[in-house]
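Undergrad: based on what follows, work out the 3D shape:
(one chain, ligands or ions: 1)
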Amino acid sequence: MTGTLLGSLDPAWSAADPAALSPGHAVRLAELETLDAALAALYGRGASVLAGAPDAGALRERHTALLGRERGVVTLALAELPKLPPEQRRARGRGLNLVKRWLGEVHDARREALEHEREAAGALDVTLPGRRPWLGRPHVLAQVRDELLDLFHGLGFSVYTSPEVELDEYNFGKLNFAPDHPARDAHDTYFVNPEVVLRTHTSPGWVRAMEELKPPMRLVFPGRVYRAEATDASHMDQFHQIDGLYVDRNVSMADLKATLHTFARAIYRADLPTRIIPIYFPFVEPGVQMDVQCVRCEGTGRVSDAEGEKRCPVCKGTKWVEVLGAGMVHPNVFRAVGIDPEEWTGFAFGMGLERIAMGRHGIPEIRLFLENDVRFLRQF
Ligand code: DAH
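TA: Take a look at the predicted model:
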């Protein structure tokens, strides 16, 4: 009988002393010994393999073999009872029911112990180094902007912000644009209505600042600007600029040149050649453009790659790259804001952030700035 009962229990199963799980184990075992040696053997072995189950899976497997509702050893033995002679039936039935209940208790105790072990394993170990959370970072354009603001702050400039949705009068009129100037053309400007536009540059900030504040003033105007342009690798219909304005007595072109030079040395490299050439902007007189030597071709206008030598694609062979517009504030602009151009003088400059970032990092495509693809953003 012992052989039949233990036959379906795998002899390779790990065993452990059930005493820790079931304090009454020894007493129960002794009680079964006096009742039925075969049942005592079944209970002893069953309790040991349940107590020794290494994990929840093994415990479930052993529970099924012992107490499973269809093929469990105890279930099958109970089903055999009617075949026994009546005088044996009673004692066996009582013994089997005890085995069933006690094995069930050992099983439950082992399951609980395993759960506790699992919880303890998952508990917080405060001595482990922390997991570093994923950190964002400033957008590459914000980095360039902040670096510029820092630089100009060091030169005594404060930040002044003005609306992106701007009066035509501020975007153009008070900046001395002639009424038929091509920049007012509907092809370049987003009109909200005939008097209101999306600002096409950050220069209208000076007009607002000069109407609000009294000279002397030294201000920078960072912000987003809009132009109705066809999109390509270097054009988008929105981008970023920083303008600067310095108004005081006796401001000269020499002050402007020194400021622009400081800018170029800090943002590019100290020995990168620059040049200042005349150019027309309605709001400055004289107006200039500052170029830096092309970094891609090092001022030769030619580059060579695997296919051979060719014209530099960055400067288009001109050896120079335009970085900003600047000039001495036009007397008409001073008059438009009620500042006497006989008493006050000033210079102004304006630059595009995308162009600076693209030049510095070799970014080939302006649309990347707005796509918010982290594979691009996390490179900076
Ligand atoms: N606002 C001009 C533009 O967007 C750039 C510019 C030129 C700004 C000369 C200035 C300046 O402040 O003095 O094209």
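
Undergrad: residue 220 and residue 246 touch, don't they?
TA: No. Taking contacts as CB atoms under 8 Å, residue 220 lies outside contact range of residue 246: 9.8 Å. Using the backbone N, CA and C atoms, a C-beta is placed for each residue, glycine as well.

Undergrad: what's the overlap in contacts for these two?
TA: Overlap between the neighbourhoods of residue 220 and residue 246 consists of residue 157, taking contacts as CB atoms under 8 Å, 6 or more residues apart in numbering.

Undergrad: close to the ligand: what parts of the stretch 151-300 of the chain are there?
TA: Proximity of the stretch 151-300 of the chain to the ligand is assessed by CB under 6 Å from any ligand atom, with 201, 203, 243, 281, 284 identified as the residues in range.

Undergrad: any idea which of those has the most stuff around it?
TA: Each of these was scored by neighbours using other CB atoms under 10 Å; the highest score is residue 203's, at 28 neighbours.

Undergrad: quick one: pLDDT of it?
TA: As predicted, residue 203 sits at a pLDDT of 98.

Undergrad: same question, the one 10 residues further on
TA: In this prediction, residue 213 carries a pLDDT score of 97.

Undergrad: what sits against it?
TA: For residue 213, no residue meets the contact criterion (CB under 8 Å, 6+ apart).

Undergrad: the most centrally placed residue in the chain and residue 374: what is the separation?
TA: In the chain, the centroid-proximal residue (CA atoms, centre = their mean) is residue 136; its distance is 4.1 Å. The spacing between residue 136 and residue 374, counted by CB to CB, to the nearest Å, is 9 Å.

Undergrad: what residues are up against residue 265?
TA: Taking CB under 8 Å, 6+ apart as the criterion, residue 265 is in contact with residue 272.

Undergrad: now residue 286: how far from the ligand?
TA: Remark: distance between residue 286 and the ligand (CB to the nearest ligand atom, to the nearest Å) = 10 Å.

Undergrad: you'd agree that residue is up against residue 328?
TA: Yes. Using CB under 8 Å, residue 286 and residue 328 qualify as a contacting pair, with a distance of 6.3 Å.

Undergrad: how about the secondary structure of the closest residue to residue 99 other than its chain neighbours?
TA: Closest residue in space to residue 99, ignoring its immediate chain neighbours: residue 43 at 4.8 Å, by CB to CB, 6 or more residues apart in numbering. Using DSSP: H, G, I helix; E, B strand; the rest coil, the secondary structure recorded for residue 43 is helix.

Undergrad: Provide a list of residues in contact with residue 43.
TA: Taking CB under 8 Å, 6+ apart as the criterion, residue 43 is in contact with 28, 29, 32, 98, 99, 102, 103.

Undergrad: for the record, mean pLDDT for the helix or strand encompassing the second one?
TA: Element membership for residue 29 (DSSP states H and E) is helix 25-35. For helix 25-35, the mean pLDDT works out to 92.
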